[in-house]
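**Student:** Provided below are the primary sequence and the corresponding predicted coordinates.
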Amino acid sequence: MFQEQPAQLAMTVRTAVATEIITMSSLLCYCHGMLTHIAVMQDMLDPGLLPELLAKLAVHMQTCIHKHQWATSQQLAGAVAAVAVRATAMQPSSILQGLQTIFIPSAAVVAATHSSEQHLLLAGAASVYGIQQTTVDSPALGLQLQQDPAALAAMLQVLSALPDAVMSKQTSVHPDRRTAVTDSLKQSSCAAPVLRAAICSGNPKLITLACQAVVSWCDLGCPPRCLETHTDVLDALSSAVLGRETAVPACDALAAMLTAVKESCSSSSSSTPSMQLLQQLAHQLQGNVLPALAAEHLTVLQTAADTAPYSAALRLHLGPEAEAAFCRVACAAAAALLQPVLQGTVQYQPLLEVLLQQLLLSVCVSDDGVAMMAVDFWQDCYIATLQALPLDHQASLLTQQQGVLKALTGALVQRTQLGPTAAAAATADARDLPEETRMVRREIASALRDIGALLGQQSMLCYVTQLVSNSYQHLCSTHTAAASSNTSSQASPAGLGLHDIAAGLTGGSWSLSAAEGMQHSIQHRSTSSTAALPGHLVPAACGGSAGWLPLESALYAANVVLGRQGSGAAEQQVQQLVQCAAAAVTHQGGSMKLAGTALTLLGGLAAWLANNSTSLPPVLTAVVAALQSPNEKLARNAATCIQRLCSCDDLAVLLTQSHGQFVQQLLQEYQRRGGLSSRLAEGSDDKPVEELLLLSVCSLAVAHTSNSSDMDSILLQLVGPQLTAAADELVAALHGNWPQQQQQQQAAPAVHGGYWHQKQQNQSQEQ
């Protein structure tokens, strides 16, 4: 059929529009195939057939809508939109009004005809050939809605399909006409009365269709024109946010309009339609949406508004999709208001402060999907906006925004805290975490680095160190309470809570000084002495309480903030981190996961430890205790930490000169494990503990022999047991007492002498 000549195709189309198609599936398949052909082959359809085709499609659409076959009617709406965009007989400036004439004809057209199909055909001819009709106003649309809501529903679906048709590459249309149609749709005010009639109807289905049309229209880069003049539409849309059937589409429509007006408002005057619409939307959010959600929050959750975001109430009342939809509204609104507020528009400041508070709470306590949506706003919009400011302007604003950035840091650190399921299954190996958890941590690590780049490493490190110290005190207190009463104490350390963010964000000035609120909630405590820490103890597989979770997430954040610049960090802050991390490795209230995270942090501080040797003893005690753990993953993590420490030349020299006992412990552990004999048996791509220890000892040997030639060689001590065993076997073979000597070797202790013992053995062999 689709290879026919133009005349044959015209006859086929004429037959099709004159024939009643029995089933909706056959109608859908036929229209889809026919329009695919029309889209590919330019000017194949006779313009004389357009009135019949559009009228027939309109009839079938309304039939589908009456039968509630919405998917089929949506496909037919796409067909109508494609024909209208491609039909050169229809002027770009009159496409929307012409389609509205077809689906919602005037009273004069209806009175002049005897059937619905006849007046649709007449309306189609009027739309194609430019016959002027009276524009349908809002009261007429309201009356039409009462008489035949299916016609309005069909028009709404066409409004949704038009932007997709004009922007789709599958619609074969000349570039000049595509541009002309796009500009015409942007400038047309014909959509606003249709949307008003639907949104103000109170019909959930019509509201949903209208919201979908708004979202599709905003894809053109601007919201429907003249919508800002209909305040009753925005009132009804705000009320729909709490509707069970309309919450998600209403939120999507609000978010789409806020996103569409964002770019144009940044450089427009207050008299432009986009700025007026932004003002109207901000008024709706501040006066209607947020107060309604606050009341719902208090009713459903029965908690204070600073402990959970408003979206949490939507989740309990309307489901997770509604929660995510409102988070999109909050992100879009905050993104649209941020630039005007930074430029001095103070009227939006109170609303922006509330939105930022909501997005901070979403980062902390919402599910991963909603939380990461909020994280994307903070990183891609808020932080990116501050980074894009001129340097002279950026310095003053960063001083004002420091409180918000620190509050955001606390929220991000709390978000990295493992959930109950992940914590129960966590090991010392970070790769054992669920992929979703690892993905969240990677995203948050990127955001923390961006905040550090804005604040500077010293300021960022000072705050993260405070969180680590606070979390360690929380671990100690929860462990003590659990040991004495067998019950868990507080759920989260004060330093990671966001209880006082509201006070900081609503301080009355754009400084948004949440720092005061955070400082008020964070109690400064001095870190306990490392000398009193039980370094010989090894943590349990999983702590009995959740007290170790905040410390683990804070140490993870500290590792992200320090990165590879630990050698240049402030001595006082890093010293506190080292003390807390070393103590966390062996804390009885900790876990394998906490120990593994702490060891990762310590391994990255090799250069700093080389310049601050007084902090080294508790670190060495902790890593040796972990190395001797029966848990192989923790032992491998400790061996990796040791290998990273020994890879630093300055620290390797310091270890060989001043910490000989540590070197001997590494040698003894390597020999106790039997060297590399178990490497092939493991069959793993990871380096085993024995190989990591061998690399560490070799690094120490190189550093040792280059600085002190009058001491025993570490390398000779490393290979000493093997050489001693070989020499003993050779002597026994020469004297003929091999079996007896072999029994003595089996009964001999595992640890052999060092260099001088080997030297004596060699002398006896020579004799």
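**Tutor:** Received the coordinates, thanks. Since the structure is predicted, the reported quantities are computational estimates derived from the model, not experimental observations.
**Student:** When you work out contacts or count neighbours from here on, use the C-alpha atoms and nothing else.
**Tutor:** Noted.
**Student:** Report the contact partners of S188.
**Tutor:** S93, L96, P224, R225 (C-alpha atoms under 8 Å, 6 or more residues apart in numbering).
**Student:** three-state assignment of the last one?
**Tutor:** Local secondary structure at R225 is given as coil here, using DSSP: H, G, I helix; E, B strand; the rest coil.
**Student:** okay but it is in contact with S184, surely?
**Tutor:** No - taking contacts as C-alpha atoms under 8 Å, R225 lies outside contact range of S184: 10.9 Å.
**Student:** ok, longest helix in the protein?
**Tutor:** helix 457-485 (DSSP state H).
**Student:** tell me the mean pLDDT over that helix?
**Tutor:** For helix 457-485, mean pLDDT is 86.
**Student:** Could you do stretch 194-212 as well?
**Tutor:** 92.
**Student:** List the buried residues of that stretch.
**Tutor:** 194-201, 204, 206-212 (16 or more other C-alpha atoms under 10 Å).
**Student:** Counting only helices, which of these make the cut?
**Tutor:** Filtering the buried residues of stretch 194-212 for helices - DSSP H - leaves 194-199, 204, 206-212.
**Student:** which of those residues sit farthest apart?
**Tutor:** For those, the farthest-apart pair by C-alpha to C-alpha is V194 and P204; their separation is 15.3 Å.
**Student:** hey, which helix or strand in the protein has the poorest pLDDT?
**Tutor:** One helix or strand of the chain scores below all others by mean pLDDT, DSSP states H and E: helix 514-521, with a mean of 33.
**Student:** So which other helices or strands are in contact with the helix or strand following that one?
**Tutor:** The helix or strand immediately downstream of helix 514-521 is helix 548-562, counting by DSSP states H and E. Packing partners of helix 548-562 (3 or more C-alpha pairs under 8 Å, 6 or more residues apart in numbering; DSSP states H and E): helix 391-415, helix 435-455, helix 457-485, helix 571-586, helix 592-603.
**Student:** same question for the first one, mean pLDDT?
**Tutor:** Okay, so that is helix 391-415. For helix 391-415, the per-residue pLDDT averages 87.
**Student:** Identify each buried residue in the helix or strand that comes right after it, please.
**Tutor:** Sequence order places helix 420-425 as the next helix or strand after helix 391-415, per DSSP H and E. For helix 420-425, the neighbour count (16+ other C-alpha under 10 Å) marks A423 as buried.
**Student:** And stretch 687-699, by the same measure?
**Tutor:** Buried residues in stretch 687-699, counted by 16+ other C-alpha under 10 Å: P688, V689, E690, E691, L692, L693, L694, L695, S696, V697, C698, S699.
**Student:** Span of stretch 584-593 from start to end?
**Tutor:** 10 Å (C-alpha to C-alpha, to the nearest Å).
**Student:** Which residues does stretch 375-391 contact?
**Tutor:** For stretch 375-391, the surrounding residues in contact (C-alpha under 8 Å, 6+ apart) are 331, 335, 338-339, 363, 394, 397-398, 444, 447, 450-451, 454.
**Student:** What segments of the chain are strands?
**Tutor:** Assigned by DSSP state E, the strands in the chain number zero.
**Student:** Could you list the low-pLDDT ranges of it?
**Tutor:** 1-48, 105-147, 264-271, 301-307, 483-545, 564-569, 676-684, 704-767 (pLDDT under 70).
**Student:** Pull the number of nearby residues for Q339.
**Tutor:** 20 (other C-alpha atoms under 10 Å).
**Student:** can you start the count at 458 instead of 1 from here on
**Tutor:** I'll keep to 458 as the first residue from here, and by that count the last item is Q796.
**Student:** Distance-wise, check it relative to A910.
**Tutor:** Look at Q796 and A910: by C-alpha to C-alpha, they are 21 Å apart.
**Student:** How about L1149?
**Tutor:** Applying C-alpha to C-alpha, the value for L1149 to A910 is 34 Å.
**Student:** For the closest residue to A648 other than its chain neighbours, list the residues it contacts.
**Tutor:** Leaving aside its sequence neighbours, A648 sits nearest to P681 (C-alpha to C-alpha, 6 or more residues apart in numbering; 6.5 Å). Counting by C-alpha under 8 Å, 6+ apart, P681 makes contact with K643, S645, S646, A648, A649, V671, W674, C675.
**Student:** How about G678?
**Tutor:** Contacts for G678 were tallied using C-alpha under 8 Å, 6+ apart; they are A717.
**Student:** Phi and psi next, for it.
**Tutor:** Main-chain torsions, G678, degrees, to the nearest 10: phi 110, psi 0.
**Student:** mind listing what the residue lying closest to D689 once chain neighbours are set aside touches?
**Tutor:** Nearest non-adjacent residue to D689, counting by C-alpha to C-alpha, 6+ apart: C657, 7.3 Å away. Residues near C657 by C-alpha under 8 Å, 6+ apart: I664, D689, V690, A693.
**Student:** Could you identify which of the residues you listed has the most neighbours?
**Tutor:** Of these, with other C-alpha under 10 Å as the count, I664 tops at 27 neighbours.
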